[in-house]
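Asks: here you go, sequence then predicted model.
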Amino acid sequence: MPAIIVDRLSKSFDYYKKEAGLSHSFRNLFYRKPLRKDAVTEISFRVEEAEMVGFLGPNGAGKTTTLKMLTGILHPTAGEASVLGYVPWERRKAFKKQFAIVMGQKSQLWWDLPANESLMLNKCIYEIEDRSFGRIVGELSELLDVRDLLSVQVRRLSLGERMKLELIAALLHEPKVLFLDEPTIGLDLLSQRKIREFLKTLNRERRTTVLLTSHNMNDIVDLCKRTVIINGGKVIYDGDLAKVNGWLDQRKIVRVSLAEPVERRRLEAYGIVRSVEDVEAVLEVEKTFVKEQAKRILDDLPVVDFTIEDVSIEEGIAQLYRNGGEENESAPEIRQDVRHGVYALDGVPD
Ligand SMILES: Nc1ncnc2c1ncn2[C@@H]1O[C@H](COP(=O)(O)OP(=O)(O)OP(=O)(O)O)[C@@H](O)[C@H]1O
């Protein structure tokens, strides 16, 4: 049985428009314009036990809202979900003991206390026995290399050190399902790598199921074979990460620094002009033509510096599906088998 089942889950937020100014504040006492935001609309997907799935999407796509429903923080407007056989928003005690959520932007540790005091608090909340507590803290702090930091006041720790201790706090009760929302945000490359290695070990040795949201593509590429992509509150892709990579790899980003400003119209001869600011230009060029266009740019223009980069998956998705899931003509068509909640990109080679 899958560890996570999401079936046509939706969440809408009702709120009121507030306008600035004293007169509007007075008017708001008698009349407030109600508004509705459909943050998540009929999304369906499944995550098998011990699977690590990347949950991707541009800003405002509905990722955090989905994670909040799957952890019982939010009640959905419609649809169903089950995590380890439990309905998350029923918030049963037995369910709370089997999952954990780590949000890179939020801390569950007490800032004025050393981390081991917060760990003691979690020990009591989750009713963990003394012997298990000692073993788990020992194992995890060894793996993350933070043994010496357990007695340091949390506010004195670096962001990376704190994040490692946040993970220990979240994993004390040995959850079977782990929801991660931007776990490497703001961390240096070394700390990011350490946390990814740790998550791999956790998944391999404890068969922990992981649903991971991250704007850091290295996290997703390194940890997840499969990705669910959401945009405008709708699932637009569910499948192999490599397939999406292959599709986006069909285009390249060419960054050019020029000795003097060049008219936008002139640059359009070499590809799609993404931006021109003074002497800096960014172009998008089809991969098959990139060699030829690069040569032309270098021959024709007063180039000072020149780089060719890949389009990031996230950027490509945001660009192609900018209108809340409406594809533009160059985007691959999305096929959806509603019965199974399966989505696929047409025209993408296997
Ligand atoms: N309480 C709320 N009231 C009204 N709108 C909300 C509320 N919470 C979220 N939204 C809106 O729902 C949409 C989805 O938000 P959500 O935080 O789930 O996106 P996200 O994919 O996690 O984005 P990000 O990557 O920027 O964190 C956004 O447009 C957001 O403004």
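Replies: That came through fine.
Asks: what residues does the stretch 151-300 of the chain have near the ligand?
Replies: Where proximity means Cβ under 6 Å from any ligand atom, the stretch 151-300 of the chain presents no interface facing the ligand. Glycine gets a C-beta too; all of them are placed from N, C-alpha and C.
Asks: would you map the strands across the stretch 151-300 of the chain?
Replies: Per DSSP state E, counting those that start in this stretch, the stretch 151-300 of the chain carries strands over the ranges 177-181, 209-213, 226-231, 234-240, 251-258, 272-277, 280-286.
Asks: I'd like those strands as TSV, with mean pLDDT and mean neighbour count appended.
Replies: What follows is these, written out as TSV (pLDDT from 0 to 100; neighbours: other Cβ atoms under 10 Å):
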stretch	mean pLDDT	mean neighbour count
strand 177-181	95	23
strand 209-213	95	25
strand 226-231	90	24
strand 234-240	88	22
strand 251-258	92	19
strand 272-277	92	13
strand 280-286	92	18
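Asks: just send the ones you listed back as TSV, with distance to residue 41 too.
Replies: Converted to TSV, these look like this (distance: least, Cβ to Cβ, whole Å):
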stretch	distance to residue 41
strand 177-181	20
strand 209-213	18
strand 226-231	10
strand 234-240	5
strand 251-258	29
strand 272-277	30
strand 280-286	30
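Asks: which one of the ones you listed lies nearest to residue 307?
Replies: strand 251-258 (4.7 Å; Cβ to Cβ).
Asks: next, the angle from that closest one to strand 272-277.
Replies: If you take axes from the mean of the first three to the mean of the last three Cα atoms, to 10 degrees, strand 251-258 sits at 30 degrees to strand 272-277.
Asks: report the angle between strand 251-258 and strand 280-286.
Replies: Using the same axes, to 10 degrees: strand 251-258 against strand 280-286 is 150 degrees.
Asks: in terms of secondary structure, what does strand 251-258 contact?
Replies: Of the remaining helices and strands, those touching strand 251-258 by 3 or more Cβ pairs under 8 Å, 6 or more residues apart in numbering; DSSP states H and E are strand 280-286, helix 290-300, strand 303-310.
Asks: in JSON lines: those, plus distance to residue 35.
Replies: Formatted as JSON lines, the helices and strands packed on strand 251-258 follow (distance: least, Cβ to Cβ, whole Å):
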{"stretch": "strand 280-286", "distance to residue 35": "35"}
{"stretch": "helix 290-300", "distance to residue 35": "45"}
{"stretch": "strand 303-310", "distance to residue 35": "39"}
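Asks: return the most buried member of the ones you listed.
Replies: When these are scored by mean count of other Cβ atoms under 10 Å, the highest mean neighbour count falls to strand 280-286 (a mean of 18).
Asks: list of residues touching it?
Replies: 250-258, 262, 267, 270-276, 293-294, 297, 311 (Cβ atoms under 8 Å, 6 or more residues apart in numbering).
Asks: repeat the analysis, applying 10 Å as the threshold.
Replies: Contact partners of strand 280-286, identified using Cβ atoms under 10 Å, 6 or more residues apart in numbering, comprise 250-258, 261-262, 264, 266-268, 270-276, 290-294, 297, 301, 303-305, 307-309, 311, 316, 319.
Asks: for stretch 288-299, same thing?
Replies: By Cβ under 10 Å, 6+ apart, the surrounding residues in contact with stretch 288-299 are 250-254, 256, 258, 267, 269-271, 281, 283, 285-286, 303, 306, 308.
Asks: can I get that stretch as PDB, trimmed to CA atoms?
Replies: Only the C-alpha atoms of stretch 288-299 are listed here, as PDB (Å, rounded to 0.1, in the frame of the first residue of the first chain):
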ATOM      1  CA  THR A 288      20.800  22.300 -31.900                       C
ATOM      2  CA  PHE A 289      21.800  25.800 -33.000                       C
ATOM      3  CA  VAL A 290      23.800  26.900 -30.000                       C
ATOM      4  CA  LYS A 291      27.200  26.200 -31.500                       C
ATOM      5  CA  GLU A 292      26.400  28.100 -34.700                       C
ATOM      6  CA  GLN A 293      24.800  31.000 -32.900                       C
ATOM      7  CA  ALA A 294      27.600  31.300 -30.400                       C
ATOM      8  CA  LYS A 295      30.100  31.600 -33.300                       C
ATOM      9  CA  ARG A 296      27.900  34.300 -34.900                       C
ATOM     10  CA  ILE A 297      27.600  36.200 -31.600                       C
ATOM     11  CA  LEU A 298      31.400  36.200 -31.100                       C
ATOM     12  CA  ASP A 299      32.100  37.200 -34.700                       C
END
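Asks: so for it, mean pLDDT?
Replies: The average pLDDT within stretch 288-299 is 93.
Asks: roughly how far is it from the heart of the chain?
Replies: Mean-position distance between stretch 288-299 and its chain equals 35 Å (Cα atoms, centre = their mean, to the nearest Å).
Asks: alright, I will stop here.
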